[in-house]
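Novice: Need a 3D model of the following:
(chains A and B, ligands or ions: 2)
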Amino acid sequence: MAEVFANATQILEPFRGVKKVTIEEYFTSGHRTCQGCESALVMKLMVKAAGPRTIVLGATGCMYVANTTYYTTPWVVPWMHTQLGSSGSAALGTAAGLKALMKKGKMKSEPINVIAFCGDGGGADMGLGAISATLTHKEYNSLILMYDNESYANTDIQLSGSTPYGANTTFSPPGKVRRLIHTRWKKNTAAMLAAGHTECRYVGTVCASYAVEMMNKVRKALSIGGPTFIHSLDPCPKGWDYDPMLSHELGELAVECGVFPLYEVEDGVVRHYGKTKAIVEGRPRKPVREYLLKQGRFAHFTEEDLEYFQAKVDEMWNEWEIPGVIPFKKAPAGK
Amino acid sequence: MAVETKTPAPGTMATDDREMLISGSEACAEALTLADLDVVTAYPIRPYDTVMQAIAKKIANGQLEAEYIVAEGEHSQFEIVKHASTVGARVFCGSSGVGWMYAMECLTVTPPLRVPMVCMVGNRALDDPGAFGVEHNDALTVRDLGWLLIWVDTAQEMLDTTLLAYRIAEDRRVFLPIAISADGAFLTHSQAIVQVPTRAKVDKFLPPYNRGDLQLHPDNPITVAPQANEDWVIEIRRQNNEAMNRAYTVIEEAYADFRKTFGRGPENPWFEEYMTEDAEVILMGMGTISLPFKVGIRNMRAKGMKVGLIRPRWFRPFPTEKMVAALQGAKAIGVIDRDYSFGSPFGSGVVANEIRAAMYNADKRPPLLSFICGLGGREVTLEDVYKATDLCFEAAKSGKSPLKTQWLGVRE
Ligand SMILES: Cc1ncc(C[n+]2csc(CCOP(=O)(O)OP(=O)(O)O)c2C)c(N)n1
Ligand code: SF4
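Specialist: Ligands and ions are numbered 1, 2, ... in the order given. Next up is the predicted model:
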């Protein structure tokens, strides 16, 4: 009986339309994120999708510091902090603890969702090793969600491995002599994890501008079993420097310009979603300048910078084996 | 390799104990099996990895049912068990030397989170220069972090202490992590006959881990470790300190119960005294350094020299009053550190500084001499012991302590 449980997950059917989404909230008032913070919305939708039988672990970052102030908490489900680089370990340890106790009859058997989240600093930089390791432990069910606001936001907006090329951050301020301090191209975190962990059954990208799709990907990741990973692009009014009212619009633009493609890799099969799917099928992408120039962090960009940025995004779409997913170049024709 | 011996040794052994010829690390693994561990993580570093090799074999053979996770580094190893413990699992992990340091961030967060995990430090010198031999600086780094910290000396003590550690750590009055220090090679790798009790007896001594209202579970939707800052941090530190203070009582109770249940174990949990009753000079050192010192003391006693040894076990909490009382009769004290604290008062080792601090309020303050020896696993010779003792007798005569710390057995 207990053994049967060992790898069972909750079966979370997709919400078929926004009106079918449950009303219950498991991330409520009591937090103090910035106005227009998309990451806070991601937290709310993520746990709404998961439901009440869920444990959430959160790595250090805005979604820890701004969300859980001692003696207040927005979390209705059990929640625990974990170290900046430990979202992977927290997911693994929690899942292993539950499994051991249920298997040995020390705890009532039932599938409990385990979700660990991290920012891009904690996920794409410091915690990458632990996330990678967790994605190889296929006997433990968990979801790691990396909310990517493209900077170490909580410590005052420093650049991370996930910060876009050229962005103005407190660690990469434009100066009189060096206009661009940060000239590294953003890591392709979701694809890197999907490509390198052959037994991980689900890796997806989401953007909360497309809320139902986002929640359904969370539900799929939790239902499918084993360790899974979701990468969410989260506009951050403070770090990106725009009117908080525009968060959703910026998320949509990131997708429409092809900067952040929406896809999932399920059991090795790639599927594109929404506007991204349309782009793959031939719809033209919007120019990246529409996206970049709405944000103060790119205000110092020259025409050349914009062109370079556009060229890199074009390269991703024209030369990569799977647009926006796996950065291996297609073999030249005839070879 | 563990060898089970057939004939039980005469003497103290309870009739239903098994006798095994095993190393210190294997003794630890035996205790973990008896404690019905739930989640264990492993990452290689000598000499600690021998425990994990023994555990892995037990799990492979079906002697222990536990989630066994080979992590990708010590940092993860400690975080995995920390989180497993918060959902109510009994956990174990450990490390040595630089591996212990790599996990340092995670070591700092377990005490304030009140995670009663039990860990082993197979003491090892810190790199660079690379060395596999014993030094105590690795474990001593958690000295001020709220961990309970104990040094063991024999394989038997390793087994017994591991059982005691769970009992003490998981007592709701304490709920703090424990690091058990075992000297690399001298204890982790050396075999001795060990009495292994039955599971039934262990079950009587060690109740199941109950995390109570601190358990992270959908039925108990608590928020653990929110941001506190200046609003509450000092109160949380204070609670940690109160738990450390309560550990004094819990430790004494646990040892008393251990003796009742298993028919062995020390009367005095805090430190071992060897030929100290009439000793004019008391030497002091933690861990397996006791061996050359006990031999040296026997030889010196045969010549009529009144010298004895105190081997501290518990370092945190520190048994201040008992230690001071035990040292009141001495005319000189010689503290031998297998560690160092560069630039500390008189350039002493950590234990010497600690004993000096404890003695400050004592009625009698005999001269205290500080020695450093055996670093990096260097053999401690009888000559070292005699030299330290001679210097102590000189100080006893003059009533003055030479403030300079002596490094023993060093090529000058
Ligand atoms: C080991 C460690 N190093 C540095 C910090 C300081 N720190 C706290 S929050 C944070 C930023 C985390 O950035 P990210 O993961 O991107 O999350 P965000 O703040 O953007 O939500 C940092 C660097 C820390 N808590 N731990
Ligand atoms: S800095 Fe950005 S991520 Fe952090 S709370 Fe504000 S909007 Fe959200």
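Novice: make it CA atoms for all contacts and neighbour counts henceforth
Specialist: Fine.
Novice: Please, where are all the helices along the stretch 201-350 of chain B?
Specialist: Under the criterion DSSP state H, counting those that start in this stretch, the stretch 201-350 of chain B carries helices at the ranges B:229-262, B:290-302, B:320-327, B:350-359.
Novice: so of those, which one's packed in deepest?
Specialist: Of all the helices of the stretch 201-350 of chain B, helix B:350-359 has the most neighbours on average by mean count of other CA atoms under 10 Å in any protein chain shown, namely a mean of 20.
Novice: Contacts for that helix, please.
Specialist: Helix B:350-359 is contacted from outside by B:320, B:324, B:335-337, B:339-341, B:345, B:365, B:368-370, using CA atoms under 8 Å, 6 or more residues apart in numbering or on different chains.
Novice: pLDDT value on the residue in the stretch 51-200 of chain B that ligand 1 sits nearest to, please?
Specialist: Going by CA to the nearest ligand atom, ligand 1 is nearest to residue B:105 of the stretch 51-200 of chain B, at 7.0 Å. pLDDT, residue B:105: 97.
Novice: now the one 10 residues further on
Specialist: Note for residue B:115: predicted pLDDT of 97.
Novice: give me the number of residues near it?
Specialist: 26 (other CA atoms under 10 Å in any protein chain shown).
Novice: Quick check: the gap between it and residue B:128.
Specialist: 32 Å (CA to CA, to the nearest Å).
Novice: Over to residue B:338?
Specialist: Residue B:338 is 17 Å from residue B:128, by CA to CA.
Novice: try residue B:26
Specialist: Residue B:26 is 28 Å from residue B:128, by CA to CA.
Novice: All the strands of the stretch 151-300 of chain A, residue numbers only.
Specialist: Per DSSP state E, counting those that start in this stretch, the stretch 151-300 of chain A carries strands over the ranges A:202-206, A:227-233, A:263-266, A:269-272.
Novice: repeat for the stretch 51-200 of chain B
Specialist: For the stretch 51-200 of chain B, the strands defined by DSSP E, counting those that start in this stretch occupy B:67-70, B:91-95, B:118-123, B:148-151, B:178-183, B:191-196.
Novice: Save these as JSON lines, and put in mean pLDDT too.
Specialist: Output for the strands of the stretch 51-200 of chain B, formatted as JSON lines (pLDDT from 0 to 100):
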{"stretch": "strand B:67-70", "mean pLDDT": "98"}
{"stretch": "strand B:91-95", "mean pLDDT": "97"}
{"stretch": "strand B:118-123", "mean pLDDT": "97"}
{"stretch": "strand B:148-151", "mean pLDDT": "98"}
{"stretch": "strand B:178-183", "mean pLDDT": "97"}
{"stretch": "strand B:191-196", "mean pLDDT": "96"}
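Novice: between residue B:26 and residue B:128, which one's more packed in?
Specialist: Neighbours were counted for residue B:26 and for residue B:128 using other CA under 10 Å; residue B:26 has more, 28 against 7.
Novice: So whichever strand or helix holds the more buried one, near chain A or not?
Specialist: Element membership for residue B:26 (DSSP states H and E) is helix B:24-34. No: between helix B:24-34 and chain A, judged by CA under 8 Å from any CA of the partner chain, nothing touches; the nearest distance is 14.1 Å.
Novice: hmm, who's touching whatever helix or strand comes next after that helix?
Specialist: Where DSSP H and E defines the elements, the next helix or strand beyond helix B:24-34 is strand B:39-42. Residues outside strand B:39-42 that contact it (CA under 8 Å, 6+ apart) are A:96-97, A:100, B:49, B:52, B:66-71, B:77-78, B:80-81, B:84, B:89-94.
Novice: And strand B:39-42, how far out from the chain middle?
Specialist: Mean C-alpha position of strand B:39-42 versus that of the full chain (CA atoms, centre = their mean, to the nearest Å) differs by 20 Å.
Novice: Over to stretch A:158-175?
Specialist: For stretch A:158-175 - counting by CA atoms, centre = their mean - the centre lies 19 Å from the chain centre.
Novice: contacting residues around that stretch?
Specialist: A:120-121, A:124-125, A:148, A:150-152, A:156-157, A:179-187, A:239, A:297-298, A:300-301, A:305, A:309.
Novice: Mind doing that once more with 6 Å?
Specialist: Residues outside stretch A:158-175 that contact it (CA atoms under 6 Å, 6 or more residues apart in numbering or on different chains) are A:121, A:150-152, A:157, A:180-187, A:297-298.
Novice: which of those residues has the most neighbours?
Specialist: residue A:121 (30 neighbours).
Novice: From residue A:163, how far out is it?
Specialist: Counting by CA to CA, the gap from residue A:121 to residue A:163 is 9 Å.
Novice: just residue A:211 next, same as before
Specialist: Using CA to CA, one gets 23 Å for the distance from residue A:211 to residue A:163.
Novice: Make a PyMOL selection of the buried ones in the contacts of helix B:350-359.
Specialist: Typed into PyMOL, the line below selects the buried ones among the contacts of helix B:350-359, using 16 or more other CA atoms under 10 Å in any protein chain shown:
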select buried, chain B and resi 320+324+335+336+337+339+340+341+365+368+369+370
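Novice: between the contacts of helix B:350-359, which is closest to residue B:276?
Specialist: Using CA to CA, residue B:324 is the member of the contacts of helix B:350-359 that lies nearest residue B:276, at 13.4 Å.
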